[in-house]
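Asker: Can you look at this prediction? I've put the sequence above it.
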Amino acid sequence: MEQKAKRDCYAEITNAIIADLEKGVRPWVKPWDGGNAIPCRPLRITGEPYRGINVMLLWSAAHQHGYQSAYWVTYQQALHQGGHIRKGEKSTTVVFSGTLTRTERDDRGEEQEKVIPFLKAYSVFNIDQTEGLPEKYRAPAAIAPATRDNARCERADQFVTNTQAEVRYGGDRACYSPLEDRIQMPSIERFKDSDSFYAVLLHELTHWTMRDTRCPRKFRPSIHGVGNYAREELVAELGAAFLCADLQIALTPRPDHAEYVAGWLEVLRNDKRAIFQAAATAQRAVDFLNSLQGAEGSTGHDDAIRQVA
């Protein structure tokens with residue numbers, strides 16, 4: 001009997017994201033189009049938010065199929081809640097990653113412990129695909145506030161202030177300078193609205209976490225060339241998306257993002273694990289920034305020389 005080919009989750013998910021990017025769709029940008037819900041992360045039935053790559057996967061599915069609920073359940077969870085999945089509905093794939101430790105003998109016959117990473121896929125359904133579940137899961141998380149024009153967002157300002165990152169305002173360029181360990185931002189009045197301003201600021205704040213004393217990367221975008229520069233930009237893009245959702249800010253595309261897409265596509269086509277690594281790094285950066293809320297930030301120094309926008 002012919003053995004069934006093993007599912008390659010890395011390739012499957014990466015190819016789907018590549019297809020989206022080639023069509024001009026970024027699965028982490030504005031998955032709430034067409035609705036009146038404020039941005040938020042996808043939620044488990046328990047209310048726990050999804051993290052990392054799963055945020056992108058569920059946002060993409062919600063955008064593609066027009067789901068309004070933020071909640072997702074497994075087949076069994078729906079049954080346990082007294083409901084069921086509607087007949088004919090198709091699931092969305094999410095993943096669980098971890099490591100296994102295996103003892104092996106080396107060439108000298110000595111036992112060595114080998115850590116093996118694994119990725120396991122499982123299926124979930126949006127609450128909009130179910131019947132018989134409480135109505136509280138079906139409604140959008142909240143109603144979007146009116147456009148703030150160029151008004152300051154106190155919650156976002158406090159979040160940035162609590163990190164103790166140095167932010168200077170002025171000029172017409174947004175960037176993080178590793179050499180000076182400083183974020184440079186145009187004034188909020190130069191943006192079309194406050195959401196656009198904070199989306200860029202949070203992008204640069206994610207870059208700010210790259211220092212060795214904060215959330216060091218496994219690559220050096222300032223040293224190792226265009227490929228790793230694109231990887232860092234992808235980390236900052238995803239970090240900003242996660243932060244915007246957490247702070248209830250609509251993430252809209254930056255006008256200079258077209259030039260980044262080509263770099264992201266090159267990275268993803270050459271490394272099927274790159275998007276998983278970028279999402280995991282972005283999640284660690286967000287976790288680090290959250291750890292600074294109400295506490296003093298770190299003050300390390302390094303000699304990186306390239307500005308990362």
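Answerer: All right, it came through fine.
Asker: Please list all residues in contact with the residue nearest to residue 82 when sequence neighbours are not counted.
Answerer: Nearest residue to residue 82, sequence neighbours excluded (C-beta to C-beta, 6 or more residues apart in numbering): residue 132, at 5.8 Å. Every C-beta, even on glycine, is put in place using the N, C-alpha and C of the backbone. Residues near residue 132 by C-beta atoms under 8 Å, 6 or more residues apart in numbering: 78, 81, 82, 83, 84.
Asker: can you tell me which of those residues lies nearest to residue 126?
Answerer: Taking C-beta to C-beta as the measure, residue 126 lies nearest residue 78 of these, at 10.7 Å.
Asker: you'd agree the closest one is up against residue 137?
Answerer: No - the pair residue 78 / residue 137 is not scored as a contact, 10.2 Å apart, by C-beta atoms under 8 Å.
Asker: Stretch 16-29: end-to-end distance?
Answerer: From its first residue to its last, stretch 16-29 covers 16 Å (C-alpha to C-alpha, to the nearest Å).
Asker: What residues of it count as buried?
Answerer: With burial defined by 16 or more other C-beta atoms under 10 Å, the residues of stretch 16-29 counted as buried are 17, 18, 20, 21, 26, 27, 28, 29.
Asker: That stretch: how far from the chain's middle?
Answerer: How far stretch 16-29 lies from its chain's middle: 14 Å, per C-alpha atoms, centre = their mean, to the nearest Å.
Asker: can you list contacts of it?
Answerer: With C-beta under 8 Å, 6+ apart, stretch 16-29 has contacts from 55-57, 59-60, 63, 237-238, 241, 251-253, 261, 264-265, 268-269, 275.
Asker: thought residue 267 was touching residue 232?
Answerer: No - contact criterion C-beta under 8 Å: residue 267 and residue 232 do not qualify, at 10.4 Å.
Asker: Go through the contacts of residue 132 and name the one nearest residue 279.
Answerer: Ranked by distance to residue 279 (C-beta to C-beta), these are led by residue 78 at 26.5 Å.
Asker: hang on, isn't residue 41 packed against residue 248?
Answerer: No - at 10.7 Å, residue 41 does not count as touching residue 248 under the criterion of C-beta under 8 Å.
Asker: so where's the stretch 101-250 of the chain uncertain?
Answerer: For the stretch 101-250 of the chain, the stretches with pLDDT under 70 are 139-150, 220-227.
Asker: 50 instead?
Answerer: Low-confidence regions of the stretch 101-250 of the chain, defined here as pLDDT under 50, cover residues 143-144, 146, 222-225.
Asker: what packs against whichever strand or helix holds residue 199?
Answerer: Per DSSP states H and E: residue 199 is located in helix 194-208. Judged by 3 or more C-beta pairs under 8 Å, 6 or more residues apart in numbering; DSSP states H and E, helix 194-208 is in contact with helix 154-163, strand 175-177, strand 182-185, helix 226-246, helix 274-291.
Asker: can you give me the offset of it from its chain's centre?
Answerer: Centre to centre, stretch against its chain (C-alpha atoms, centre = their mean), the figure for helix 194-208 is 14 Å.
Asker: Domains of the protein: list them as residue ranges, please.
Answerer: Listed by automatic domain parsing, the domain ranges of the chain are 31-144, 147-309.
Asker: which one of the ones you listed lies closest to residue 9?
Answerer: In terms of C-beta to C-beta, the element of those nearest to residue 9 is domain 31-144, at 4.8 Å.
Asker: show me the contacts for the nearest residue to residue 206 once chain neighbours are set aside.
Answerer: Spatially, and ignoring its direct neighbours in sequence, residue 206 is nearest to residue 239 (3.2 Å; C-beta to C-beta, 6+ apart). Counting by C-beta under 8 Å, 6+ apart, residue 239 touches 202, 203, 205, 206, 209, 282, 285, 286.
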